[in-house]
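Colleague: My questions concern the predicted model and sequence given below.
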Amino acid sequence: MNLAIFLLALLSGTLHAVWNFFSKKKADNMAIMLLGVWFANITLLPFSLWIIAQEGFSLGIFAFAAISALSDIAYYFFILLSYREGELSLMYPAARGTGVVLVAIFSMIIFHEEIAPKAVIGIALVIVGIFSFALREGLKPQLLKNSVKSLKYALLLGCTVVVYTLIDRAGVQQYNPILYLNLTGVLSATILTPFVFKRELGTAKGIKKFVRQEGKYAAIIGYGITVSYLIILFIYACFAEAKSSYITPIREFSVVIGSILGFIFLKEKITLNKVIGIVTILLGVIMIKIG
């Protein structure tokens with residue numbers, strides 16, 4: 001695998017883990033995530049206008065961006081619902097593991113990707129490592145009490161990953177990644193704003209106070225979402241050899257980072273199966289790079 005692709009995917013995964021960590025800390029407020037999305041997309045807007053002035057604008061981009069925006073909306077809701085119910089070190093791996101499995105399958109079907117034998121082993125190791133996080137010590141499934149509900153949300157979250165990954169890969173092969181991501185973000189934020197701000201904040205005065213109090217968390221989450229995913233879109237746009245079935249599991253190195261953050265800052269329990277999961281994911285990522 002191209003070293004630049006590999007390192008960019010790892011960087012994207014690290015940034016993804018960081019904003020997920022702050023999402024967990026603020027899981028009781030959807031408005032924080034939405035405010036962050038607006039921050040990032042307003043920042044991108046001048047670049048998008050410049051791109052339109054230089055390259056023109058095709059209405060065909062709306063078809064891809066609309067589907068991606070709807071999947072983003074589902075993603076935001078499911079991520080907050082899953083984090084409200086369960087541990088970061090459990091919910092994050094369950095959601096991302098579902099995405100790895102389904103992205104690999106559909107990438108082979110839709111994009112006819114061929115996977116090298118060593119990379120197959122690596123993808124399998126990443127999947128095994130991710131799902132090992134969803135087990136208690138003694139290898140008993142974490143399907144008790146509130147974990148049942150939270151894991152359902154996490155698995156639904158994983159399904160949204162598949163939709164936007166495949167749609168966005170096709171979209172950025174035809175349209176500029178910055179313009180594409182900006183349009184998708186504006187569409188999703190515009191749809192969400194009337195529901196979230198009215199329900200959670202109410203008045204213009206409430207919004208102003210909210211921005212003062214939670215602006216820094218919103219910025220970290222919003223710019224983290226945007227930059228981490230923009231890196232992935234640039235990979236697909238600039239490297240013809242980039243494969244979704246490889247990029248997605250490499251990006252899941254974020255599971256390791258996210259779990260470590262959960263252990264250190266959220267005081268989540270370190271268990272044997274989580275340690276095994278971290279080691280297995282690392283081995284899987286190395287095998288994908290070799291493959």
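Modeller: Okay, I see it. Numbers count the residues shown, from 1 in each chain.

Colleague: Does anything pack onto the helix or strand where residue 12 lies? Which helices or strands?
Modeller: Using DSSP states H and E, residue 12 maps to helix 3-25. Contacts defined by 3 or more C-beta pairs under 8 Å, 6 or more residues apart in numbering; DSSP states H and E place helix 3-25 against helix 61-85, helix 88-110, helix 204-238, helix 244-251, helix 253-265. Using the backbone N, CA and C atoms, a C-beta is placed for each residue, glycine as well.

Colleague: Least reliable of these by average pLDDT, please.
Modeller: Here the helices and strands packed on helix 3-25 differ in mean pLDDT, and the lowest is helix 88-110 at a mean of 74.

Colleague: relative to helix 253-265, how tilted is whichever helix or strand comes after it?
Modeller: The helix or strand immediately downstream of helix 88-110 is helix 117-132, counting by DSSP H and E. Calculated by axes from the mean of the first three to the mean of the last three C-alpha atoms, to 10 degrees, helix 117-132 forms an angle of 30 degrees with helix 253-265.

Colleague: Taking helix 244-251 as reference, get the angle to the next helix or strand after helix 117-132.
Modeller: Sequence order places helix 146-172 as the next helix or strand after helix 117-132, per DSSP H and E. If you take the same axes, to 10 degrees, helix 146-172 sits at 130 degrees to helix 244-251.

Colleague: so helix 146-172 versus helix 204-238, what angle?
Modeller: Going by the same axes, to 10 degrees, helix 146-172 makes 60 degrees with helix 204-238.

Colleague: Sort out which residues of helix 146-172 are buried, please.
Modeller: 147, 150-169, 171-172 (16 or more other C-beta atoms under 10 Å).

Colleague: tell me the contacts of residue 110?
Modeller: Contacts for residue 110 were tallied using C-beta atoms under 8 Å, 6 or more residues apart in numbering; they are residue 166.

Colleague: Please disregard the earlier target; I meant residue 228.
Modeller: Contacts of residue 228 (C-beta under 8 Å, 6+ apart): 12, 13, 15, 16, 19.

Colleague: Helix or strand: which one has residue 39?
Modeller: For residue 39, the host element (DSSP H and E) is helix 30-55.

Colleague: And that helix, what does it pack against?
Modeller: Right, helix 30-55 is packed against helix 61-85, helix 177-200, helix 204-238 by 3+ C-beta pairs under 8 Å, 6+ apart.

Colleague: do you know which of those lies nearest residue 272?
Modeller: Of all these, helix 61-85 sits nearest to residue 272, with 23.5 Å by C-beta to C-beta.

Colleague: for the helices and strands packed on helix 30-55, which one sits closest to residue 111?
Modeller: By C-beta to C-beta (comparing all of the helices and strands packed on helix 30-55), the closest turns out to be helix 204-238, at 10.5 Å.

Colleague: if we can go back for a sec, most packed of the helices and strands packed on helix 3-25?
Modeller: The highest average neighbour count among the helices and strands packed on helix 3-25, using mean count of other C-beta atoms under 10 Å, belongs to helix 244-251 at a mean of 26.

Colleague: Show residues contacting that one.
Modeller: Taking C-beta under 8 Å, 6+ apart as the rule, helix 244-251 contacts 1, 5-6, 9-10, 12-13, 16, 99-100, 103-104, 107-108, 111, 113, 115, 119, 122-123, 126-127, 161, 165-166, 169, 232, 235-236, 284-285, 288-289, 291.

Colleague: Swap in 7 Å and give it another go.
Modeller: 1, 6, 9-10, 12-13, 16, 99-100, 103-104, 107-108, 111, 113, 115, 119, 122-123, 126, 165-166, 169, 232, 235, 284-285, 288 (C-beta atoms under 7 Å, 6 or more residues apart in numbering).

Colleague: quick one: that helix to helix 3-25, angle?
Modeller: Between helix 244-251 and helix 3-25, the angle comes out at 60 degrees (the same axes, to 10 degrees).

Colleague: For helix 244-251, C-alpha coordinates in CSV please.
Modeller: Written as CSV, here are the backbone C-alpha positions of helix 244-251 (Å, rounded to 0.1, in the frame of the first residue of the first chain):
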residue,chain,number,x,y,z
SER,A,244,-12.5,1.5,0.6
SER,A,245,-12.0,-2.1,1.9
TYR,A,246,-8.5,-1.1,2.9
ILE,A,247,-9.0,2.5,4.0
THR,A,248,-11.9,1.9,6.3
PRO,A,249,-10.2,-0.8,8.5
ILE,A,250,-6.9,1.3,8.7
ARG,A,251,-9.0,4.3,9.8
